[in-house]
Structure formats: structure tokens, C-alpha cells
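**Q** starting from these lines, generate the structure:
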Amino acid sequence: MSNISTAFDQIKLRMETLFPYADGWYQMANPYQVEQNTLATHDKGWGIALGAGTNTNRNLSCKLSINRTITVTFLRRRYANEMDIVPKETAEKQILEDQFILIKDFEKTPALNNSTSGITRFQYDSDGGIENVFEGNEAFIKLVTTYSLEYFEHLEP
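**A** Modelled structure (predicted):
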């Protein structure tokens with residue numbers, strides 16, 4: 001198995017631990033187009049999407065270094081009508097708190113607890129801010145956070 005698979009599995013395990021089904025969280029089936037997921041994932045959902053990769057041109061002993069963008073998306077329902085400001089602000093603060101829980105957890109172990117596998121760094125890069133998502137008459141918000149993953153892949157069998 002390659003290191004990108006190992007990294008993905010480690011990220012997913014951390015997400016499942018921090019945001020468990022028992023607490024009402026759902027993993028999105030399609031993190032690339034969040035609007036196409038079920039309404040359950042819109043209430044309290046998360047998803048991991050693999051983005052573009054770049055050759056860092058740091059070949060070491062038949063190992064290729066790759067820097068890959070990974071996005072984690074959080075979804076939350078806004079339980080408010082258009083004039084209810086406090087519930088909207090509460091939902092916005094909650095989704096930012098969700099993001100911070102994850103950033104703090106990943107920053108404590110940037111090699112994803114797997115430093116011997118070739119995963120060298122996983123860190124927060126940026127986010128796109130809170131965005132509105134509308135599905136029928138329902139209103140939701142999402143926050144897409146971009147992380148940078150650097151890992152080495154063996155070029156020889």
C-alpha cells in the first residue's frame with residue numbers, strides 16, 4: 001500500500017474519533033460536491049477530498065516526495081429563519097470550533113502518528129470561509145479547510 005493510502009486512512013480514523021457517529025456526525029459520501037449528499041450529512045457532516053499533488057523534486061534514495069492538497073469539509077444545519085441572528089451566529093461559531101478541534105489535533109502530530117512510513121508533514125494551510133449551502137427549503141453552512149500533506153513514495157519495489 002502506498003503512503004497516500006496510509007495517510008488517507010489515518011486522517012479518516014482521526015475524523016471518526018473526533019467527530020463520531022454516536023455524536024450525530026456523518027461522513028459525506030461525496031466530499032467533492034457536498035450539495036449532493038443526504039440531508040443527514042448536512043446536519044453535522046464531514047468529508048475528506050484528495051486534491052492536487054505536486055512533485056517537490058526532492059528525490060532521496062529512490063523515494064519521490066509529493067506535496068498533496070487535502071480538503072476537509074464540515075457541514076452544519078442552520079436552525080433559524082432569516083431574521084434569527086443568534087442561531088445563525090451559533091451555527092457559524094460551532095463550525096469554526098469544529099475546524100479548530102481538527103487543526104489542533106493535527107498540529108499536535110503533523111506526521112499523522114506515522115513518521116516511519118514516509119509521511120513527513122500534514123498541516124493546516126487555509127480555508128475558504130463559511131459558505132451558505134441551500135437544499136430545497138433548508139439552509140446549511142459549510143467550511144472547507146485546506147491541508148498540505150507531504151509524503152514520500154518508494155520508486156523501487
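**Q** could you find the closest non-adjacent residue to Gly53?
**A** Sequence neighbours aside, Arg68 is the residue nearest to Gly53 in space, at 4.1 Å (criterion: Cβ to Cβ, 6 or more residues apart in numbering). For the C-beta atoms, the positions are set from N, CA and C on the backbone; glycine is no exception.
**Q** what count of nearby residues applies to that neighbour?
**A** Using other Cβ atoms under 10 Å, Arg68 has 18 other residues around it.
**Q** just the pLDDT at it, thanks.
**A** With respect to pLDDT, Arg68 scores 92.
**Q** which other helices and strands does the strand or helix carrying it contact?
**A** Assigning secondary structure by DSSP states H and E places Arg68 in strand 63-77. Strand 63-77 sits against helix 3-18, helix 39-43, strand 44-55, helix 85-108, strand 119-135, strand 138-154, with contacts defined as 3 or more Cβ pairs under 8 Å, 6 or more residues apart in numbering; DSSP states H and E.
**Q** neighbouring strands of the third one in the sheet, and parallel or not?
**A** Take DSSP bridges as the rule and strand 44-55 pairs in its sheet with strand 26-27 (parallel), strand 63-77 (antiparallel).
**Q** and if you look at the last one?
**A** In the sheet containing strand 138-154, its partner strands are strand 63-77 (antiparallel), strand 119-135 (antiparallel), by DSSP bridges.
**Q** roughly how far out does that strand sit from the chain middle?
**A** Taking Cα atoms, centre = their mean, to the nearest Å, one finds strand 138-154 lying 4 Å from the centre of the chain it belongs to.
**Q** any idea of the mean pLDDT for it?
**A** Strand 138-154 comes out with an average pLDDT of 89.
**Q** report the angle between that strand and helix 3-18.
**A** Here strand 138-154 runs at an angle of 140 degrees relative to helix 3-18 (axes from the mean of the first three to the mean of the last three Cα atoms, to 10 degrees).
**Q** go on, the fourth one?
**A** Per the same axes, to 10 degrees, the angle that helix 85-108 makes with helix 3-18 is 130 degrees.
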